[in-house]
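Colleague: here is a sequence with its predicted model. Questions after.
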2 protein chains.
Amino acid sequence: MTKPFDLQNGTPLESAVPAMPGDPASVSPSEARRLFAAGLSVPTTGWSAGHAQANIIALPQALAFDMMLFAQRNPKPCPILDVLDAGEVRGGVLGGDDPTAHADIRTDIPRYRVYERGELVAEVSDAREHWRDDLVTFIVGCSFTFEHPLLEAGVPVRHLTAGRNVPMYVTSTRCWPAGRLSGPLVVSMRAIPPALVADAVRVTSRYPAVHGAPVHVGDPAALGIADLARTDFGDPPVIEEGDVPVFWACGVTPQAVVMESRPEIAITHAPGHMLITDARDSAYAVP
Amino acid sequence: MTKPFDLQNGTPLESAVPAMPGDPASVSPSEARRLFAAGLSVPTTGWSAGHAQANIIALPQALAFDMMLFAQRNPKPCPILDVLDAGEVRGGVLGGDDPTAHADIRTDIPRYRVYERGELVAEVSDAREHWRDDLVTFIVGCSFTFEHPLLEAGVPVRHLTAGRNVPMYVTSTRCWPAGRLSGPLVVSMRAIPPALVADAVRVTSRYPAVHGAPVHVGDPAALGIADLARTDFGDPPVIEEGDVPVFWACGVTPQAVVMESRPEIAITHAPGHMLITDARDSAYAVP
């Protein structure tokens, strides 16, 4: 990182990129977003404890109904928490109740991916130069929300313990298409001891807004996954003797849909670099 | 009812309108829809036990994104179970898995309401003469689904016992608008004994797809309801000594939105005359 200088008087200015806070878990969502908007670009695991993190996908308004319909037809991979209509850059779970909160969907994610006609063309920490006024932003639930309740229920979350990203796989299962949008189901996998599979189902069932209950328990081959060690996104799995692979629908599914459906433009978060919302994880628990 | 005659040979044809079945609870959804399509026009309370009944609203495609967004922003009054895109007359919870099932959204509801620019212009048992190929149909969850579980949990459902329709009220609470759609929250009310209010909350919380937990417990005035005896839709309430009025978001809300937002055309079910879907009530229970 290079420090910019004030050319007028030659003294160094404050660093352009903020430092990593000492305890990211205790940083408020508004402050976290302010740091990311100021240029800090790091994965968000463990940040702003208790607040829901989310996937985002922004698409041209002409595709917005198709995306809403796709989400309605595929609620497990695409649980929509909120939508910012064309021209809106904040609202709802993103600073909605508090005008003093820092909130701007174009800058507040630590890293974005920009797709043009299905091809990844840029990965940036500030999306303003790619943003368009006709983009509608879908804020989609993320399984981070149910991982803490899993731990509290005594269910190990092995990738967390190992300090890794969750392993994700593109499956042979197709989502139900909607208009011009179609694509495969993407899943995340957590290896669970047999005696705790029922608990893992029970706990995550309580979070339908963040992918909910597993879509598949056991045999990866039935999902078209030949080798669990070869992930499509995230890190290789940690599996202990006797563990059962349990698969949840994953919020990366919309990115797979974008790659297949090739919209003119789509802007998403980069994997692991999520939007930190003002909503509390607990708000998504039912009953 | 007049019986049509075969003018060719003078013998009476079968009645044009089917007779009411002896036990509507045991009629399959497909058969119920066939009877309604053939002209039977009766309220659907008690029909096809165990199968989810639903509100419907069909709007021009130009408003479909706004309606999806409205539903996303107001999930308690507008829990969407399924959407039939423009040109589709069946699919998903309406005959989706079974090509032999009778299913046609334009004819299968016992009574429809047709609105033009917010004014009710017709009430018909067959909507085909008003239907347009650009109509998108939203199938919206209905609180009928959680009334049986309430009874099973020992919570009285007084309007059912009295053979009445549930009382409904237009409140002073505004829904969160979306695009060109805005309107008041409409609620249904069930009078619950104080010792059973917690059970009523617990049981209905398990059904987020059919309005879920109450939006309000107690004082009707806080919702702008001056007199519980004066309902806006449905029948007057049955309230016993000591009962607490408990209010749930109601699927009539989209009709109130139509009346206020005045779209060119909207077609809905008539109150109490619901769409009988192929989905099982139990499919909407979480966890």
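Modeller: Happy to help now that I have it. Residues are numbered from 1 along each chain as shown, chains lettered A, B, ... in the order given.
Colleague: look up the closest residue to the one residue sitting closest to the centre of chain A, ignoring the ones flanking it.
Modeller: The centre of chain A sits closest to A:Asn55, judged by CA atoms, centre = their mean, with a distance of 2.9 Å. In this structure, A:Asn55 finds its nearest non-sequential neighbour in A:Gly251, 3.6 Å apart by CB to CB, 6 or more residues apart in numbering or on different chains. (C-beta placed from N, C-alpha, C; glycine too.)
Colleague: can you check A:Ala283 too?
Modeller: A:Ala52 (7.4 Å).
Colleague: so the one you found, which of the three states?
Modeller: strand (DSSP: H, G, I helix; E, B strand; the rest coil).
Colleague: around chain B, pick out the residues from the stretch 101-250 of chain A.
Modeller: A:178-179, A:202, A:205-206, A:208, A:212-213 (CB under 8 Å from any CB of the partner chain).
Colleague: follow-up on the earlier one: I'd guessed the residue nearest to A:Ala283 sits against A:Asp82; true?
Modeller: No: in terms of CB atoms under 8 Å, A:Ala52 does not count as a neighbour of A:Asp82; the distance is 10.2 Å.
Colleague: between these two, which contacts overlap?
Modeller: A:93, A:277 (CB atoms under 8 Å, 6 or more residues apart in numbering or on different chains).
Colleague: and these two? Which one has more around it.
Modeller: A:Ala52 (26 against 21; other CB atoms under 10 Å in any protein chain shown).
Colleague: so who does A:Cys78 touch?
Modeller: A:70-71, A:138, A:140, A:251, A:253-254.
Colleague: state the mean pLDDT of the strand or helix carrying A:Leu151.
Modeller: A:Leu151 belongs to helix A:144-152 when assigned by DSSP states H and E. Computed over helix A:144-152, the mean pLDDT rounds to 92.
Colleague: can you list the domains in chain A?
Modeller: What automatic domain parsing lists as the domains of chain A is A:27-32+A:51-142+A:261-281, A:144-254.
Colleague: tally of neighbours for the closest residue to A:Glu260 other than its chain neighbours?
Modeller: Distances taken as CB to CB, 6+ apart place A:Gly183 nearest to A:Glu260, at 4.3 Å, with adjacent residues excluded. Residues near A:Gly183, counting by other CB under 10 Å, number 21.
Colleague: cool, and A:Ile239?
Modeller: For A:Ile239, the number of neighbouring residues by other CB under 10 Å comes to 17.
Colleague: report the secondary structure state of it.
Modeller: coil.
Colleague: A:Ala191 is in contact with that one, correct?
Modeller: Yes: applying CB under 8 Å, one finds A:Ile239 in contact with A:Ala191, separated by 4.2 Å.
Colleague: give me the common contacts of these two.
Modeller: A:158, A:245.
Colleague: average model confidence for stretch A:250-258?
Modeller: Here the average pLDDT along stretch A:250-258 is 93.
Colleague: nope, stretch A:94-107 is what I was after
Modeller: 95.
Colleague: how far away from the center of its chain is that stretch?
Modeller: 18 Å (CA atoms, centre = their mean, to the nearest Å).
Colleague: again, but for stretch A:81-97
Modeller: That offset, for stretch A:81-97, works out to 16 Å (CA atoms, centre = their mean).
Colleague: same question, stretch A:229-240
Modeller: 18 Å.
Colleague: put the alpha carbons of that stretch into PDB.
Modeller: Taking only C-alpha atoms (Å, rounded to 0.1, in the frame of the first residue of the first chain), the coordinates of stretch A:229-240 have been written out as PDB:
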ATOM      1  CA  ALA A 229     -12.000 -32.400  -2.300                       C
ATOM      2  CA  ARG A 230     -12.500 -30.500  -5.600                       C
ATOM      3  CA  THR A 231     -14.600 -27.500  -4.700                       C
ATOM      4  CA  ASP A 232     -15.900 -25.000  -7.200                       C
ATOM      5  CA  PHE A 233     -15.800 -22.100  -4.700                       C
ATOM      6  CA  GLY A 234     -14.300 -21.700  -1.300                       C
ATOM      7  CA  ASP A 235     -11.800 -23.900   0.400                       C
ATOM      8  CA  PRO A 236     -11.400 -27.700   0.400                       C
ATOM      9  CA  PRO A 237     -13.500 -29.400   3.100                       C
ATOM     10  CA  VAL A 238     -12.500 -30.600   6.500                       C
ATOM     11  CA  ILE A 239     -14.000 -34.100   7.000                       C
ATOM     12  CA  GLU A 240     -13.500 -36.300  10.000                       C
END
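Colleague: ok so, going back, now, among the contacts of A:Cys78, which is nearest to chain B?
Modeller: A:Ala71 (8.4 Å; CB to the nearest CB).
Colleague: could you find the closest non-adjacent residue to that closest one?
Modeller: A:Cys78 (3.9 Å).
Colleague: distance check, the one you found against B:Thr253.
Modeller: When distance is defined by CB to CB, to the nearest Å, A:Cys78 is 24 Å away from B:Thr253.
Colleague: next: A:Phe233.
Modeller: 39 Å.
Colleague: more crowded one of the two?
Modeller: B:Thr253 (28 against 18).
Colleague: show me what contacts the closest residue in space to A:Cys175 that isn't next to it in sequence?
Modeller: Leaving aside its chain neighbours, A:Cys175 sits nearest to A:Asn74 (4.6 Å; criterion: CB to CB, 6+ apart). Contact analysis of A:Asn74 by CB under 8 Å, 6+ apart lists A:175-176, A:185, A:249, A:253.
Colleague: if we can go back for a sec, and the helix holding A:Leu151, what does it pack onto?
Modeller: For helix A:144-152, the packing partners by 3 or more CB pairs under 8 Å, 6 or more residues apart in numbering or on different chains; DSSP states H and E come out as strand A:51-60, helix A:197-205.
Colleague: 10 Å instead?
Modeller: strand A:51-60, helix A:158-161, strand A:184-192, helix A:197-205, strand A:275-280 (3 or more CB pairs under 10 Å, 6 or more residues apart in numbering or on different chains; DSSP states H and E).
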